[in-house]
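K.L.:
Provided below for reference: sequence and predicted model.
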Amino acid sequence: MKIDLADVEEAAKQLYIRALKVLPPDIKGGFARLTETETVPRAQNILATMVQNIHVAEDNENLLCQDTGVPIYNVTIGRNVQVDGYDLKQAIRKGCERATREHPLRSSVVHPLTRQNEHTSCGIEVPVIHIDFSDVPDQLSIQMIPKGSGSENNSFLKMAIPAEGIDAIKEFVIDCVINAGGKTCPPTIVGVGLGGTSDLAVHLAKRAATRPLGSHCADPEGAKLEKELSAAVNKLGVGPQGLGGDSTAFAVHIELASTHITMNPIAVNMQCHSARRATATLAPEGVTYGF
Ligand SMILES: O=C(O)C[C@H](O)C(=O)O
């Protein structure tokens, strides 16, 4: 299967706009579950306002949140797919820029020293593009994630030592959620990356934070810890927007990797309540959009 780069560019444009406007069904389901269990009246009101915001945005084809985030594209290339890797990245960048200029969208991307904004949502190394491979034949998929600053600013890394054990993981995650308070726009998805190296742990935490609700860590021990921490964070009382309540997080998600005998990296990355993502699949039948 030969990839048409015009399809990639158009998908990169549509995905950014779509992600900013339509919340995935699993996140809407997460709101429904928290609404059922929330016991604090002010928190119930805030959850209701968030749900109303989702409806108003979708009914008016408007953005769920003003924060267009840092654009991230996760590309997965299947078997028998022919594409020039450099051109693929250029097409994604062009699509991201077109979404920003043509929609138009607020560009939230600036040079880290001059703070200059090119008003394209692009810059040095941005959009962030990750490329991976799968064994699915004749298919290239692109997942788009706009990562807002409220949640991204609350990213944490601890290089724990093995002697501190699993308790260090639990303590660090709980401390991060308490310290972040309302700054992540909770209810959040708490992404935890365990093991690997420092950079891999941070990468895994982002992957965990952007995983669909209802999915579980592939490792049984990781899945067990996810369950325990998901219950624990909702006992902290942070609540929606940090103003108190039971609904601090939709879930805690964990992704893990093997690590060094003398290391135990722990990274935390949180997703805000507007947990946006969109996916396009390019196949011989055409392009299909989903979450
Ligand atoms: O970028 C913004 O508009 C603000 C941001 O979403 C924030 O949470 O601080």
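P.N.:
Happy to help now that I have it.
K.L.:
so what pLDDT did the closest residue to the ligand within the stretch 151-291 of the chain get?
P.N.:
Ranking the residues of the stretch 151-291 of the chain by distance to the ligand (CB to the nearest ligand atom) places residue 185 first, at 6.0 Å. (Glycine included, C-beta is placed from N, CA and C.) Residue 185 is assigned a predicted lDDT (pLDDT) of 97.
K.L.:
residues contacting it?
P.N.:
Applying CB atoms under 8 Å, 6 or more residues apart in numbering to residue 185 gives the contacts 148, 150-151, 241, 272-274.
K.L.:
what's the answer for residue 100, then?
P.N.:
Per CB under 8 Å, 6+ apart, neighbours of residue 100: 16, 68, 107, 119-122.
K.L.:
please repeat the previous calculation with a cut-off of 10 Å.
P.N.:
Residues near residue 100 by CB atoms under 10 Å, 6 or more residues apart in numbering: 13, 16-17, 68, 71, 106-109, 118-122.
K.L.:
filter those residues down to the ones near the ligand?
P.N.:
Filtering those for neighbours of the ligand using CB under 6 Å from any ligand atom leaves residue 108.
K.L.:
farthest pair within the contacts of residue 185?
P.N.:
Farthest apart among these by CB to CB are 148 and 241. That separation is 14.1 Å.
K.L.:
and the nearest residue to residue 259 once chain neighbours are set aside, how far is that from residue 21?
P.N.:
Distances taken as CB to CB, 6 or more residues apart in numbering put residue 195 closest to residue 259, at 3.8 Å, once the chain neighbours are dropped. Going from residue 195 to residue 21 by CB to CB, to the nearest Å gives 36 Å.
K.L.:
which of these two has more neighbours?
P.N.:
More crowded of residue 195 and residue 21, by other CB atoms under 10 Å: residue 195, with 20 against 17.
K.L.:
three-state assignment of that one?
P.N.:
strand (DSSP: H, G, I helix; E, B strand; the rest coil).
K.L.:
any idea what it is bridged to?
P.N.:
Under DSSP bridges, the beta-bridge partners of residue 195 are residue 257.
K.L.:
pretty sure residue 57 sits against residue 23.
P.N.:
Yes - assessed by CB atoms under 10 Å, residue 57 is found in contact with residue 23 at 8.0 Å.
K.L.:
who has more neighbours out of the two?
P.N.:
Ranked by neighbour count (other CB under 10 Å), residue 57 and residue 23 place residue 23 first, with 26 against 18.
K.L.:
identify the residue nearest that one in space, chain neighbours excluded?
P.N.:
residue 54 (5.3 Å).
K.L.:
tell me which helix or strand comes right after the strand or helix carrying that neighbour.
P.N.:
According to DSSP states H and E, residue 54 maps onto helix 41-59. Moving toward the C-terminus from helix 41-59, the next helix or strand (DSSP H and E) is strand 70-79.
K.L.:
which elements pack onto that following strand?
P.N.:
helix 5-21, helix 85-102, strand 128-137, strand 140-147, helix 198-209, strand 278-283 (3 or more CB pairs under 10 Å, 6 or more residues apart in numbering; DSSP states H and E).
K.L.:
and it, which strands flank it?
P.N.:
Applying DSSP bridges, strand 70-79 is found paired with strand 128-137 (parallel), strand 140-147 (antiparallel).
K.L.:
buried set for that strand?
P.N.:
Residues 70-78 are the ones in strand 70-79 that count as buried (16 or more other CB atoms under 10 Å).
K.L.:
please tell me how far residue 8 sits from residue 83.
P.N.:
8 Å.
K.L.:
circling back: just put the buried residues of strand 70-79 in TSV and tack on pLDDT.
P.N.:
As requested, the buried residues of strand 70-79 are exported to TSV (pLDDT from 0 to 100):
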residue	pLDDT
70	98
71	98
72	98
73	98
74	98
75	98
76	98
77	98
78	98
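K.L.:
which residues of the stretch 1-150 of the chain lie near the ligand?
P.N.:
Proximity of the stretch 1-150 of the chain to the ligand (CB under 6 Å from any ligand atom) is limited to residues 66-67, 108, 148-150.
K.L.:
only the buried subset of those, as a ChimeraX command please.
P.N.:
Selection of the buried residues among these in ChimeraX, burial being defined by 16+ other CB under 10 Å:
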select :67,108,148,150
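K.L.:
residue 167: which of the residues of the stretch 1-150 of the chain next to the ligand is nearest?
P.N.:
Looking across these and measuring by CB to CB, the closest to residue 167 is residue 150, at 29.1 Å.
K.L.:
great, nothing more from me.
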